[in-house]
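Participant: Predicted coordinates and the sequence they were generated for:
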Amino acid sequence: MSISQKSAAGVKTNVSTNNGLIQPGSFRVIAGPCTIESYEQFVASAKAVKQAGYEYVRGGAFKPRTSPYSFQGLGEDGLKIMSEVNGELGLKGVTEVMDASDIELVMEHAQIIQVGARNMANFSLLRRIGEAIAGTDHGVILKRGLAATVEEWLLAAEYITSGGSENVVLCERGIRTFETSTRFTLDLSAVIVAKRLTDLPVIVDPSHAAGRRDLVVPLSKASVAAEADGLLVESHHDPQEALCDAEQALPVEALMGLREALQPFATAMGREVL
Ligand code: PEP
Ligand code: MN
């Protein structure tokens, strides 16, 4: 696969990953806390995700924090919490890997490996991940870099797919602009452009884009209309106490309401919210 080989015929709505994360005619919602803080915190947040009817829960154990003085994540202990809770609840996990030496460890505990925006251009990491997931059911969510063009983002994905697995999902998470009323600027046109250029599914992270919870549901609706294949959204059982990204986390009630809010838009687009 190469972006230069893709047709520009139109937006692809029937994309899928062959590990089932993204299915044709569906809109996949992945929700959960920014970071895994403790067993109690993760189990409470994951139960809300399950109760809301979602199958995939997110949570970082290795956190790419802007400041080295901020909470950096629980590392391996966090991954163990994730796999234990997910085993109990029957959920699948999405978590970030920052260092190539942790890829195998992350794969032991989670189904989907996230590559963060700050690592989109870490080409040796991307290659190593591509080699590691080849022949497995694991998939990758590749965030768009804070200042990456669509072409750079798609080429980064090809570092992973060149390992042999096509289970890669692109994630638009906002880019840096002059605007200060939101944390980043959600670039929905990039979702549509990317889908014209590649068969890889494209999802949206409205939480990091907005940086504020009041915009998450409206941006999620807009993402459905922009032909996105799903969402990666932050939620927490007690956002006030969240150690990371507290302002953008959806509380439990809002997470429960998300499906209902999205369904009319999904129906209009011929999709079912998973
Ligand atoms: C995250 O999803 O927790 C995260 C750090 O996102 P990004 O890499 O998009 O900033
Ligand atoms: Mn976060």
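Facilitator: Noted; the coordinates are in hand. Numbering: from 1, shown residues only. Ligands and ions are numbered 1, 2, ... in the order given.
Participant: From Arg213, how far off is Gln240?
Facilitator: When C-beta to C-beta, to the nearest Å is the yardstick, Gln240 and Arg213 sit 11 Å from each other. Just so you know, the C-beta spots here come from the backbone N, C-alpha and C atoms, and that holds for glycine as well.
Participant: out of these two, which sits in the busier spot?
Facilitator: Set side by side, Gln240 and Arg213 give different neighbour counts by other C-beta atoms under 10 Å, the larger being at Arg213 (22 against 8).
Participant: my read: that one touches Ala249, true?
Facilitator: Yes: between Arg213 and Ala249 there is a contact at 6.4 Å, judged by C-beta atoms under 8 Å.
Participant: any residues in contact with both of the two?
Facilitator: Overlap between the contact sets of Arg213 and Ala249, as judged by C-beta atoms under 8 Å, 6 or more residues apart in numbering, is given by 207, 239.
Participant: The helix or strand containing Thr267 packs against which elements?
Facilitator: Secondary-structure assignment from DSSP states H and E places Thr267 in helix 252-268. Counting contacts by 3 or more C-beta pairs under 8 Å, 6 or more residues apart in numbering; DSSP states H and E, helix 252-268 packs against strand 26-32, helix 39-51, helix 216-225, strand 272-273.
Participant: now do 7 Å
Facilitator: On a contact count with 3 or more C-beta pairs under 7 Å, 6 or more residues apart in numbering; DSSP states H and E, helix 252-268 meets strand 26-32, helix 216-225, strand 272-273.
Participant: List just the one of the ones you listed that sits closest to Gln41.
Facilitator: Each of those was checked against Gln41 via C-beta to C-beta, and the shortest separation belongs to strand 26-32, namely 10.6 Å.
Participant: which bits of the stretch 1-150 of the chain sit near ligand 1?
Facilitator: Where the stretch 1-150 of the chain comes near ligand 1, counting by C-beta under 6 Å from any ligand atom, the residues are 34, 60, 64, 116-118, 143.
Participant: Which among those count as buried?
Facilitator: Among those, the ones that count as buried by 16 or more other C-beta atoms under 10 Å are 34, 60, 116-117, 143.
Participant: Could you find the closest non-adjacent residue to Met256?
Facilitator: Leaving aside its sequence neighbours, Met256 sits nearest to Ala52 (C-beta to C-beta, 6 or more residues apart in numbering; 5.3 Å).
Participant: correct me, but the one you found touches Gly257?
Facilitator: No: counting by C-beta atoms under 7 Å, Ala52 sits too far from Gly257 to count as a contact (8.8 Å).
Participant: and those two? which has more neighbours close in?
Facilitator: Neighbour comparison, Ala52 and Gly257: the larger count goes to Ala52, with 18 against 13 (by other C-beta under 10 Å).
Participant: Identify the residues contacting the more buried one.
Facilitator: Contact analysis of Ala52 by C-beta atoms under 7 Å, 6 or more residues apart in numbering lists 31, 255-256, 258-259.
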